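A.B. asks: Show me how the following folds:
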Amino acid sequence: MNKIILKYWMIDLLIGFVLYVAYRITIMNISAAGEGLLANILYILDIILNIGLSLLYLAAVVICSFAVFLNFISKIRNSSLLSWLSFSGLPILLLAALIISLWVDAYDFSGKVMTKILIFSILYPCITTVLYRQFRKNIRN
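C.D. replies: Here you go, the predicted structure:
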């Protein structure tokens, strides 16, 4: 049982890392908007913001992947709902917090970077739900 849970944790962590790399690739295609010192400073600040957001995304994915270890507890592992929450519950909570934050601050964000992080944040709980289904199928057998 321990090997199965560790296997699914590593798969979850790998999926999160792949999504992080895909997110970094999509936001790397940003170029400077103009010429001059001010445009260069704004471009550097944009790069720092993108790095900060992507590191925050990576940290959230790593923290969410540790919730899979809750399946070591037999009560959680034997309950379908609790087991699903250990896979996808925390990512969905963080996604809800991100959506609420964007909704509250909708009047003053550019949208490009935040839309991309929202798309990748939606992908992660969807993929972890598929991973949960495979885990339940593996546990039954």
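
A.B. asks: Could you pull up phi and psi at the residue of the chain positioned farthest from its centre?
C.D. replies: Going by CA atoms, centre = their mean, the residue of the chain most distant from its centre is residue 36, 36.0 Å out. Main-chain dihedrals, residue 36, degrees, to the nearest 10: phi 110, psi 170.

A.B. asks: Next, work out how far apart it and residue 48 are.
C.D. replies: Taking CB to CB, to the nearest Å as the measure, residue 36 falls 19 Å from residue 48. In this view, the C-beta of every residue, glycine as well, is placed from N, C-alpha and C.

A.B. asks: ok, now residue 78?
C.D. replies: According to CB to CB, residue 78 and residue 48 sit 46 Å apart.

A.B. asks: swap in residue 101?
C.D. replies: Going from residue 101 to residue 48 by CB to CB gives 20 Å.

A.B. asks: Flag the shaky bits of this structure, pLDDT-wise.
C.D. replies: Applying pLDDT under 70 to the chain flags residues 29-34, 105-114.

A.B. asks: So which residues of it form strands?
C.D. replies: Read by DSSP state E, the chain holds no strands at all.

A.B. asks: which stretches of it form helices?
C.D. replies: 2-27, 37-65, 74-78, 80-84, 90-104, 112-140 (DSSP state H).

A.B. asks: And stretch 3-13, what's buried?
C.D. replies: Neighbour-count burial for stretch 3-13 flags 5, 8-9, 11-13 (criterion: 16 or more other CB atoms under 10 Å).

A.B. asks: Could you do stretch 120-127 as well?
C.D. replies: For stretch 120-127, a neighbour-count test (16+ other CB under 10 Å) marks 120-121, 123-125, 127 as buried.
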